[in-house]
Every structure is written in C-alpha cells, then in structure tokens.
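Undergrad: quick one: sequence plus predicted model below, questions after.
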Amino acid sequence: MTNRPPQLDPELMARLKAEAKAPYRGLRRVFYGTFAASGAIGGVIFLLKLLAGGDPGTILPNLALQIGVVALMVWLFRIDRPRDRDRLSKN
C-alpha cells in the first residue's frame, strides 16, 4: 500500500508555487495600498490648504511630495503585477 498524497487542483498548485517563490507579495500590496491612500489623503489636505489661500511656498513642496508618494506606489504595484501573470503562466 502506497501513501500517495491526494492530487491537488492544478490551479491551486500553481498559486501555491507562486506564493512559495514570493511569500510577501500580499504584504507588499497592503503597504502599497496603505501608503497610496495616505499620500492621497495628504494630497487632498494640502490641495485644500492651497485653495484656502495658504502660503504656496510651503504648501506646494508638500503637495508635490504627496503626489510623488501616490505615483511611486502605483508604479510599484504595476511592476509587481506582471510578475503574477508570468509566474502563473510558467507553472
């Protein structure tokens, strides 16, 4: 009598292999989303301060920083996405 493991669904096996190759992908995406949301909220606040008549000399650099954070998080999320498709198609 052979102790053979039960056959896994091929899709499940592909996902498990992809997770084994990049175990922190989900955590990275949580950070990307959190930092992007923080940058978006900060951007809205600085934009409202600018529209309310605040000093553009101090507000614009902060607004640019918030926009840069959001852009960076979107870029990081986008370069992380194609790897998912590549990993799933290779397995």
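TA: Nice, thanks for sending it over.
Undergrad: all contacts plus neighbour counts: C-alpha atoms, from now on.
TA: Will do.
Undergrad: tell me which stretches of this protein form helices.
TA: Using DSSP state H, the helices of the chain run over residues 10-21, 25-51, 56-90.
Undergrad: any low-confidence regions in the protein?
TA: By pLDDT under 70, the weakly predicted segments of the chain are 1-5, 82-91.
Undergrad: measure stretch 45-61 end to end?
TA: 13 Å (C-alpha to C-alpha, to the nearest Å).
Undergrad: how about it: buried residues?
TA: Neighbour-count burial for stretch 45-61 flags F46, L47, K49, L50, I59, L60 (criterion: 16 or more other C-alpha atoms under 10 Å).
Undergrad: and the furthest pair within the residues you listed?
TA: K49 and L60 (9.9 Å; C-alpha to C-alpha).
Undergrad: still on that earlier bit, switch the buried residues of stretch 45-61 over to TSV; also include distance to F35.
TA: Supplementary listing: the buried residues of stretch 45-61 in TSV, determined by distance: C-alpha to C-alpha, whole Å:
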residue	distance to F35
F46	16
L47	18
K49	21
L50	22
I59	20
L60	20
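Undergrad: and those, which is closest to A37?
TA: For the buried residues of stretch 45-61, the nearest to A37 is F46 (14.2 Å; C-alpha to C-alpha).
Undergrad: got the CA coordinates for stretch 16-25 in CSV?
TA: The C-alpha trace of stretch 16-25 is given here as CSV (Å, rounded to 0.1, in the frame of the first residue of the first chain):
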residue,chain,number,x,y,z
LEU,A,16,1.0,27.7,-4.1
LYS,A,17,4.2,27.6,-6.2
ALA,A,18,3.8,31.3,-6.9
GLU,A,19,3.3,32.0,-3.2
ALA,A,20,6.4,30.0,-2.4
LYS,A,21,8.5,32.0,-4.8
ALA,A,22,7.2,35.4,-3.5
PRO,A,23,5.9,34.8,0.0
TYR,A,24,5.5,38.5,0.9
ARG,A,25,3.7,39.7,-2.2
